[in-house]
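>>> Take a look and give me a structure for this.
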Amino acid sequence: MAVEIILSTVIAASTVIYTATSLMLWIESRASRKQKLTPMMVAYLKTTENHSILKLCIKNIGEGVAKDLSIKALQDYERLGKSHLLLSEIGVIKNGFNTFPPQYELKFYLGRLTEIYKKDQDGFVRLEFSYKSSDDRKFKEIFELPFKQIYGQNYSNPPESYIGQIPYYLKEINETLKAIDKVE
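I've put the predicted structure just below:
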């Protein structure tokens, strides 16, 4: 009789543990599915390869598609120092974007870094993003991007990327060839 009670208790405990484990796996799989559907739009400032021009980058770093993306320029900016090239007049900001896939990125030139540093050192760009996931969850985020956070950043010479290294080394070769021509 004692053996039957022990076996029944072990089976009941195993069933409870198995049920709890199955429930935790189900919750985790739902969270994974939700993550696969969730977009995550970000805006950030970056310089070009030669570090002379500042650009605004808009990217979906999430795993899901961002639908019905609308961007408002809460703090507008004159791109390239021209009053007719307002940030708010860029296509994606003015018209929105129906479908913004994962890892897709848009880049917009704001101006020469030296000119921005002289004229608008304390300036910033403020953008409001509104979008939905494919399962119609709504997201709203505000990005404030101050220009001064990009100043004084170190960069490598030669550039880190292969694309950036090509013009660097071509320039080095050209200077070496010119030096050889002068010697002869």
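>>> For whichever strand or helix holds residue 165, give the mean pLDDT please.
Using DSSP states H and E, residue 165 maps to helix 162-183. If you average the pLDDT over helix 162-183, you get 82.
>>> Check which helices and strands the worst-scoring helix or strand of the chain on mean pLDDT sits against.
Ranked by mean pLDDT, DSSP states H and E, the weakest helix or strand in the chain is helix 113-119, scoring a mean of 79. Helix 113-119 sits against strand 53-60, with contacts defined as 3 or more CB pairs under 8 Å, 6 or more residues apart in numbering; DSSP states H and E. For glycine as for every other residue, the C-beta is placed from the backbone atoms N, C-alpha and C.
>>> Mind naming the longest helix for the chain?
Looking across the chain with DSSP state H, the single longest helix is helix 2-37.
>>> Which strands or helices does that helix pack on?
Using 3+ CB pairs under 8 Å, 6+ apart, helix 2-37 sits against no helix or strand.
>>> What residues sit buried inside that helix?
For helix 2-37, the neighbour count (16 or more other CB atoms under 10 Å) marks residue 37 as buried.
>>> Following that helix in sequence, what is the next regular element?
From helix 2-37, the next helix or strand downstream (DSSP H and E) is strand 41-47.
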